[in-house]
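# Mind looking at a prediction? Sequence and model below.
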Amino acid sequence: MKELKEILNTVIKEKKGYITFLTGAGISAESGIPTYRSIDGIWIKGTKYHKPEEFGTYKYFSKNQEEVWQYNLFWKKLIEEAQPNSGHFAITEMEKLLGERFKLITQNIDGLHQRSGTQKVYEIHGSKQKVRCSKECSEPINVPDNITFKEYTEDLTPDDIDNLKCKKCGNWLRPHTLWFDESYNEKYYHFDTAYDIADNTDILFVIGTSGSTALPVNIVETVKIRAKWIVLINPESDTYFDYILRGSKTLHSIQESSSVALPQLKNMIEEVINS
Ligand SMILES: [Zn+2]
């Protein structure tokens with residue numbers, strides 16, 4: 001296996017394409033945020049128990065808006081209480097080092113990358129920091145300040161319900177996140193941009209994501225087909241990405257948590273730039 005520093009030296013000094021980071025739940029888990037599936041697994045309201053594939057859908061929301069909002073405001077509370085970790089901060093430093101060549105695509109909807117100071121973030125599954133009209137009458141907006149976060153046993157108040165209605169048309173607002181029964185698009189989820197970035201990437205760092213959703217898999221496959229470097233950073237070594245990249249000559253694996261591996265990577269990039 002070619003040494004990572006040698007790869008970085010070639011990519012940074014001889015190429016001009018993007019240096020792209022693709023992040024998933026693993027980096028947020030190190031900040032104490034449970035993965036989507038694990039928390040949906042514990043979401044129990046009354047006596048109901050939901051599978052994420054049924055609960056995390058537009059279909060479910062369209063019939064149970066209050067319940068979905070209770071869940072989302074509970075989730076939002078967990079996010080607010082979490083802090084970015086050394087992995088997030090290392091990515092912010094790498095953005096400063098790499099300038100325009102730096103691209104960050106994230107599956108995460110918790111906003112921790114922005115809170116650590118990263119400027120340019122493409123959120124391909126949306127953001128829990130934003131809401132939009134469920135009838136799509138206007139652009140996404142930040143979650144209104146007057147909405148209070150909830151314990152998972154708490155009900156919405158009449159004021160909450162009022163605040164969760166679109167100011168323009170009076171329909172329910174919805175979380176600005178991609179549900180299981182919805183499709184990616186450019187307008188909300190940077191679909192075309194993500195492909196464009198993948199097409200022009202010289203090295204892709206795949207961090208804390210296992211390949212369970214479609215667009216991240218397509219990004220990795222695009223970079224693989226173009227025979228550009230792919231670096232997997234994950235404590236697990238038997239993910240779907242390991243499977244589809246097995247035997248690839250342009251694969252480099254770091255079997256390590258992102259909070260440990262990313263600060264080391266940042267130091268290495270700094271050394272290469274300054275050498
Ligand atoms: Zn509206």
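Nice, I can see it. Numbers count the residues shown, from 1 in each chain.
# in the chain, which spans are strands?
18-23, 44-45, 48-49, 102-106, 122-123, 126-133, 141-142, 173-177, 201-207, 229-233, 251-254 (DSSP state E).
# Spell out which residues of the stretch 51-200 of the chain are next to the ion.
133, 137, 166, 168-169 (C-beta under 5 Å from the ion). Yep, even glycine has a C-beta here, placed from its N, CA and C like the rest.
# What's the ChimeraX syntax to select whichever of the residues you listed are buried?
To isolate the buried members of these in ChimeraX, using 16 or more other C-beta atoms under 10 Å:
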select :133,166
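# before we move on, back to that, got CSV for the strands of the chain, with distance to residue 56 too?
Formatted as CSV, the strands of the chain follow (distance: least, C-beta to C-beta, whole Å):
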stretch, distance to residue 56
strand 18-23, 20
strand 44-45, 14
strand 48-49, 14
strand 102-106, 18
strand 122-123, 16
strand 126-133, 12
strand 141-142, 22
strand 173-177, 8
strand 201-207, 23
strand 229-233, 26
strand 251-254, 31
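# before we move on, back to that, with pLDDT added, can I get the residues of the stretch 51-200 of the chain next to the ion in CSV?
Formatted as CSV, those follow (pLDDT from 0 to 100):
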residue, pLDDT
133, 97
137, 95
166, 95
168, 95
169, 97
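# Just name the closest of the residues of the stretch 51-200 of the chain next to the ion to residue 222, please.
residue 133 (32.9 Å; C-beta to C-beta).
# For the residue lying closest to residue 138 once chain neighbours are set aside, give me its contacts.
Computed as C-beta to C-beta, 6 or more residues apart in numbering, the closest residue to residue 138 that is not its neighbour in sequence is residue 168, at 5.4 Å. With contact set as C-beta atoms under 8 Å, 6 or more residues apart in numbering, residue 168 has these partners: 133, 137-138.
# Spell out the residue ranges of the helices in the stretch 51-200 of the chain.
52-55, 58-63, 65-81, 86-98, 112-115, 158-163, 186-189, 191-199 (DSSP state H, counting those that start in this stretch).
# got a list of contacts for the fourth one?
The one in question is helix 86-98. 12, 19, 21, 23, 27, 30-31, 102, 104, 112-113, 115-120, 207-208, 257-263, 265-266, 269-270, 273.
# likewise the third one?
Residues from elsewhere that reach helix 65-81 (C-beta under 8 Å, 6+ apart): 32-34, 39, 43, 45, 48, 55, 60-61, 110-112, 128, 134, 143, 147-152, 154-156, 160-161, 164, 172, 175.
# One more: the second one?
Counting contacts by C-beta under 8 Å, 6+ apart, the residues outside helix 58-63 that touch it are 50, 54, 68, 134, 174, 179, 181-182.
# mind redoing it with 6 Å?
68, 179, 181-182 (C-beta atoms under 6 Å, 6 or more residues apart in numbering).
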